[in-house]
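Q: dropping a prediction and its sequence here:
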Amino acid sequence: MKFSTKAIHTGQEPDERTGAVSVPIYQTSTYAHEGIGKNKGYDYSRAENPTRFALEKNFAAIENATHAFAFSSGLSAIDAVLRTLSAGDHVIAANDMYGGTYRLFSSILTRFNMEFSFVDMTNVENITRAIKPNTKMIYTETPSNPMMVLTDLREVAKIGNARHLLTVVDNTFATPYLQNPITLGFDAALHSTTKYLGGHSDLIGGAVMTNNAEFAEKIKFIQYAVGAVPSPFECWLLLRSSRTLAVRMKQHCENARTVADFLSKHKRVVKTFYPGLPSHPQRALAENQMRDFGAMVSFDTGSLERAQKMSESVHVVTFGESLGGVESLLCHPATMTHPGVPKEIRNALGITDGLLRLSVGIEDVEDIIADLDRALNA
């Protein structure tokens, strides 16, 4: 089956008992047993819930994976992936990624004697040079948050496979509709399902998908033992959203291409970062490993004062944290998503005080552009 058919039907078959075409919300914490050792495969909803299982089946299908595991947030999914390692293990991570991931790695996991090297993955030789005897994982994010830097997934997968290192990628910005890292050789892809997979700014969630059976068993145990699972209602909302992911992403991407082109030519914008622009140094790579360029656009206004003025002047676009909703969302990374990253590192990456990140929604694109133009000229 192709993508939209899988998204609509896999895990979302009509209910066997009633024929309901919407997966039921099994809003229960526990299940009745007929005696000791006699149950129907369900004990306790932290471990097993039919609504969550339907969601996980759906997520595995759309990411071309054999296993998927749902979590209560994107960060809890990332944390679960890192919990498969042990004290003393070393992780090579991309130097440009979501600030919450950097905070988790550098401020929490290092307290448990895990070691991290943050490298520029636009040159895969940097990864090879960073490998140590205790290296166990390569972790990246592509396109990256917020600088839209790409990692060559095929080349990184080759390094990981040759050195027997787990390869993990945060695929949130691209979504399974645009990019399938597992198909390109990665061990696992993870998502903040709060974003495009949820798509309506009304839930918090995360997910890990993999074809690696040994890794899947570890994630399954951590999901059960730690318990950071989504509620049945959040799972149901995500199943609803999966059905429209393809049509939403098509419009997101169409709008983003138009908005990025507009911003790249605006006299008040210093620089625009979007993989689909001819000026993006990795456009050819984006064309090679993605089916479209996504809907995230970052742009530098030149100063904190200009960014502040714009944040107060938008009306159609909402100024707020997060991304991936049907509405356009504008964010100031330096103070909202990346304050935990030291300023000198932010500046080196290009995350200046004047940088704004735009999640392009599916409103009429003429209204988005008119709002941005007015705010830029305010």
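A: Received, thanks.
Q: max-length strand in the protein?
A: Longest strand in the chain, counting residues (DSSP state E): strand 135-141.
Q: mind listing residues that contact that strand?
A: 81-82, 85, 89-94, 96-98, 101, 121, 127, 151, 156, 159-160, 163, 165-170, 172-173 (Cβ atoms under 8 Å, 6 or more residues apart in numbering). Quick note: C-beta positions are derived from backbone N, CA and C, even for glycine.
Q: strands - which of the residues you listed land there?
A: In this view, the contacts of strand 135-141 that belong to strands under DSSP E are H90, V91, I92, A93, A94, L166, T167, V168, V169, D170.
Q: how about L165, nearest residue that isn't a chain neighbour?
A: Excluding the flanking residues, the one nearest L165 by Cβ to Cβ, 6 or more residues apart in numbering is I138, at 5.5 Å.
Q: separation between the closest residue to L372 other than its chain neighbours and A370?
A: Once flanking residues are discounted, L372 sits nearest to V317: 6.6 Å by Cβ to Cβ, 6+ apart. Separation of V317 from A370 (Cβ to Cβ, to the nearest Å): 10 Å.
Q: which one's more surrounded, these two?
A: Just comparing V317 and A370: by other Cβ atoms under 10 Å the higher neighbour count belongs to V317, 24 against 13.
Q: now do the SS call for T5.
A: helix (DSSP: H, G, I helix; E, B strand; the rest coil).
Q: can you tell me which residues contact it?
A: No contacts exist for T5 under Cβ under 8 Å, 6+ apart.
Q: distance of it from T142?
A: From T5 across to T142, the span is 26 Å (Cβ to Cβ).
Q: could I get the contacting residues of the residue lying closest to D292 once chain neighbours are set aside?
A: Residue nearest to D292 in three dimensions, not counting chain neighbours: C253, with 4.3 Å by Cβ to Cβ, 6+ apart. For C253, the contact set (Cβ under 8 Å, 6+ apart) comprises L178, D292, F293, G294, A295.
Q: and E63, by the same measure?
A: N171, P176, N180, I182, A189, M209.
Q: do you know how far the first one is from V314?
A: Think N171. From N171 across to V314, the span is 28 Å (Cβ to Cβ).
Q: between the two, tell me which one has more neighbours.
A: More crowded of N171 and V314, by other Cβ under 10 Å: N171, with 29 against 21.
Q: settle this for me: that one is touching H191, isn't it.
A: Yes - N171 lies in contact with H191 (Cβ atoms under 8 Å); the separation is 5.8 Å.
Q: strands of the stretch 1-150 of the chain, start to end?
A: Along the stretch 1-150 of the chain, counting by DSSP state E, counting those that start in this stretch, strands occupy 67-71, 90-94, 115-119, 135-141.
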